[in-house]
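Visitor: Provided below for reference: sequence and predicted model.
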Amino acid sequence: MGRWMKPEVYPLVGAMTFVTSMVVFQLTRNVIHDPDVRNPIVKPVFWTTVMSERTEKYIDHGLRRFLRTRPPEIMPTINRFFSGRS
C-alpha cells in the first residue's frame with residue numbers, strides 16, 4: 001500500500017471512515033428533513049401553518065412518544081436495588 005499505510009493503521013482508518021460517514025449522514029438528514037432548515041418559497045402565512053405542523057411532526061417522533069410513558073430511569077433494576085424498593 002505504501003510507506004504511510006501500514007497494517008496497524010487499518011483499524012484507525014476504518015474507524016475514522018465510519019465516523020465521517022455518520023457525520024455526513026446526519027448533516028444530510030438534517031438538511032433534507034429538518035423543518036427548521038427548509039424554506040419553501042410560498043406565501044408567509046401558508047409557510048407558518050405548514051411549517052408548524054411539520055415541526056410538530058418532526059419533534060414528536062415515535063421514540064419520544066414511547067419514552068414519554070416510561071419513568072426517567074437509566075437502570076431501573078439497579079435503582080430499585082439500591083433504594084430498597086421492591
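Guide: Structure received.

Visitor: make it CA atoms for all contacts and neighbour counts henceforth
Guide: Noted.

Visitor: tell me the mean pLDDT over stretch 64-78?
Guide: Per-residue pLDDT over stretch 64-78 has a mean of 85.

Visitor: so where's this structure uncertain?
Guide: The chain contains residues with pLDDT under 70 at 1-2, 35-51, 85-86.

Visitor: any idea which element the residue nearest the centre of it lies in?
Guide: The centre of the chain sits closest to residue 26, judged by C-alpha atoms, centre = their mean, with a distance of 7.2 Å. According to DSSP states H and E, residue 26 maps onto helix 10-33.

Visitor: Check the spacing between the residue nearest to the centre of the chain and residue 33 real quick.
Guide: Noted for residue 26: a distance of 10 Å to residue 33, by C-alpha to C-alpha, to the nearest Å.

Visitor: Can I get the helix holding residue 26 in PDB? Just the C-alpha atoms.
Guide: The C-alpha trace of helix 10-33 is given here as PDB (Å, rounded to 0.1, in the frame of the first residue of the first chain):
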ATOM      1  CA  TYR A  10      -6.200   0.000   9.100                       C
ATOM      2  CA  PRO A  11      -8.400  -0.100  12.200                       C
ATOM      3  CA  LEU A  12      -7.900   3.600  12.700                       C
ATOM      4  CA  VAL A  13      -8.700   4.400   9.000                       C
ATOM      5  CA  GLY A  14     -11.800   2.200   9.300                       C
ATOM      6  CA  ALA A  15     -13.000   4.000  12.500                       C
ATOM      7  CA  MET A  16     -12.400   7.400  11.000                       C
ATOM      8  CA  THR A  17     -14.200   6.400   7.800                       C
ATOM      9  CA  PHE A  18     -17.200   5.200   9.800                       C
ATOM     10  CA  VAL A  19     -17.300   8.400  12.000                       C
ATOM     11  CA  THR A  20     -17.000  10.600   8.900                       C
ATOM     12  CA  SER A  21     -19.800   8.800   7.100                       C
ATOM     13  CA  MET A  22     -22.000   9.100  10.200                       C
ATOM     14  CA  VAL A  23     -21.400  12.900  10.300                       C
ATOM     15  CA  VAL A  24     -22.100  13.300   6.600                       C
ATOM     16  CA  PHE A  25     -25.300  11.200   7.000                       C
ATOM     17  CA  GLN A  26     -26.600  13.300  10.000                       C
ATOM     18  CA  LEU A  27     -25.800  16.600   8.300                       C
ATOM     19  CA  THR A  28     -27.500  15.400   5.100                       C
ATOM     20  CA  ARG A  29     -30.500  14.200   7.100                       C
ATOM     21  CA  ASN A  30     -30.800  17.500   8.900                       C
ATOM     22  CA  VAL A  31     -30.700  19.500   5.700                       C
ATOM     23  CA  ILE A  32     -33.300  17.300   3.900                       C
ATOM     24  CA  HIS A  33     -35.700  16.500   6.700                       C
END
